[in-house]
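Engineer: predicted model, plus sequence, below.
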Amino acid sequence: MQQTQKIATIAKSWFNPENPSLRKAIELTIKQGLFSKADIEFQLSVLRENVANGEIEEWAKRSSVSDQYQAKEKKVLCLHAGNLPLVGFQTALGTILSGVDYYGKLSRKDPWLLASFLDELKQAGLEHEIQYSTELTDFTNLKAGRIVFAGSEESVSEVKREILKLNASKKDADYIIRTAKFSIAYLDRWNDQIKDELVQSMLRYGGRGCRSVAIVVADFGLDEVKRELKHAVQEFWKENPQHQNPTPDFQYQYAYNEAVQRNQLWMENFLIQESEDLPEVDFTVNWVEGGMEKVRELKASFGAKVQSVYTVGNEIEGLNIEKLSKAQSPPLFWKPDGVDVLRALYTEQTGES
């Protein structure tokens with residue numbers, strides 16, 4: 001565990017608010033208009049607390065990682081998304097903890113924050129390669145044996161073709177692909193705390209994360225909580241005005257709902273509508289009146305598009321659930337698309353089953 005402890009120590013140092021490298025990365029990200037200061041600080045506070053609580057060591061322990069093994073397949077190429085600040089941190093960290101050589105294709109939408117952390121790891125002289133670039137062509141002839149990819153389901157085939165064209169992977173490379181789009185919340189009761197947790201889960205990062213709630217299943221109808229929800233959303237916007245970004249598609253959806261007399265909560269920059277459809281329009285959340293059986297039905301219907309199912313404390317038979325309060329602040333060892341990247345890579349390297 002010496003390597004794990006070394007990485008944890010570096011991470012704790014990097015997350016120090018006074019770290020000049022981190023501060024510069026934050027400044028560049030804000031200056032270029034990539035993410036707001038509020039969203040960056042929120043993400044940093046979550047990850048900082050995760051690391052301070054020993055979750056790097058806990059993650060390695062859960063995955064039975066040790067320093068004593070010989071890697072069978074050393075090169076892993078990670079293609080990181082850029083929809084949230086530092087969204088690639090967990091994947092990069094898990095890959096490096098597994099002991100392989102890490103090659104990261106960073107998103108041009110988030111090129112500074114993760115790079116700053118990777119630079120500090122490189123300077124620490126770890127026992128394996130750490131390289132990154134925002135250009136996929138920089139990995140030409142890499143011949144990686146594993147590819148970790150986070151992005152839209154529609155882009156998977158194109159990405160695979162481009163990787164093979166560049167000879168960035170072996171022809172028989174294994175892929176860990178993450179394409180979940182949204183999460184579901186189930187509410188069997190209502191109070192001020194649940195209201196605030198729901199608003200945070202829907203609106204943080206503009207609702208662009210796969211952990212962001214886009215469907216609410218509740219034992220009560222939208223009309224029963226409309227007034228309180230509207231007030232809570234407006235209060236969130238006072239503190240986070242950067243999330244008020246309507247789109248033409250969004251405005252069209254409002255007009256359509258009016259035409260078909262669909263119940264909705266319209267707030268010019270955000271829409272909650274009563275619908276069981278697949279949520280596809282930005283800045284909208286679908287509200288469904290129903291119980292646990294309805295949650296299971298929607299989860300089965302939407303399949304891999306659903307990242308997580310949140311509740312306010314109750315279990316749902318047949319489903320893995322998480323607390324709504326942790327929607328935007330998961331532990332480091334949470335499993336995107338149900339996959340623990342550290343465990344997946346480590347067991348592959350060691351040949352464990």
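Structural biologist: Perfect, I can see it now.

Engineer: break the chain into its domains for me.
Structural biologist: 2-179, 182-326 (automatic domain parsing).

Engineer: tell me which of the ones you listed sits nearest to Asp340.
Structural biologist: domain 2-179 (6.7 Å; CB to CB). (C-beta placed from N, C-alpha, C; glycine too.)

Engineer: now the helices for this protein?
Structural biologist: Assigned by DSSP state H, the helices in the chain fall at 2-14, 20-31, 37-52, 55-62, 89-97, 113-123, 156-165, 192-203, 226-239, 248-260, 292-302, 341-350.

Engineer: what average pLDDT does the shortest one get?
Structural biologist: This points to helix 55-62. Averaged over helix 55-62, pLDDT sits at 94.

Engineer: how about that helix, which residues are buried there?
Structural biologist: In terms of neighbour count (16 or more other CB atoms under 10 Å), helix 55-62 has its buried residues at Glu55, Ile56, Glu57, Trp59, Ala60.

Engineer: then the second one?
Structural biologist: By neighbour count with 16+ other CB under 10 Å, helix 20-31 contains the buried residues Ser21, Leu22, Ala25, Ile26, Thr29.

Engineer: got the contact list for the fourth one?
Structural biologist: The contact partners of Ile26, by CB atoms under 8 Å, 6 or more residues apart in numbering, come to Lys37, Ile40, Leu44, Trp112, Leu113.

Engineer: count the residues that sit near the third one.
Structural biologist: With neighbours defined by other CB atoms under 10 Å, the count for Leu44 comes to 18.

Engineer: surely it is in contact with Asn19?
Structural biologist: No. Between Leu44 and Asn19 there is no contact under CB atoms under 8 Å: 10.6 Å.

Engineer: ok, back up a step: mind giving me TSV with the buried residues of helix 55-62 and columns for distance to Glu120?
Structural biologist: Below are the buried residues of helix 55-62 laid out as TSV (distance: CB to CB, whole Å):
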residue	distance to Glu120
Glu55	18
Ile56	14
Glu57	18
Trp59	19
Ala60	19
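
Engineer: nearest to Val285, of these?
Structural biologist: The closest of the buried residues of helix 55-62 to Val285 turns out to be Glu55 (CB to CB; 29.5 Å).

Engineer: great, nothing more from me.
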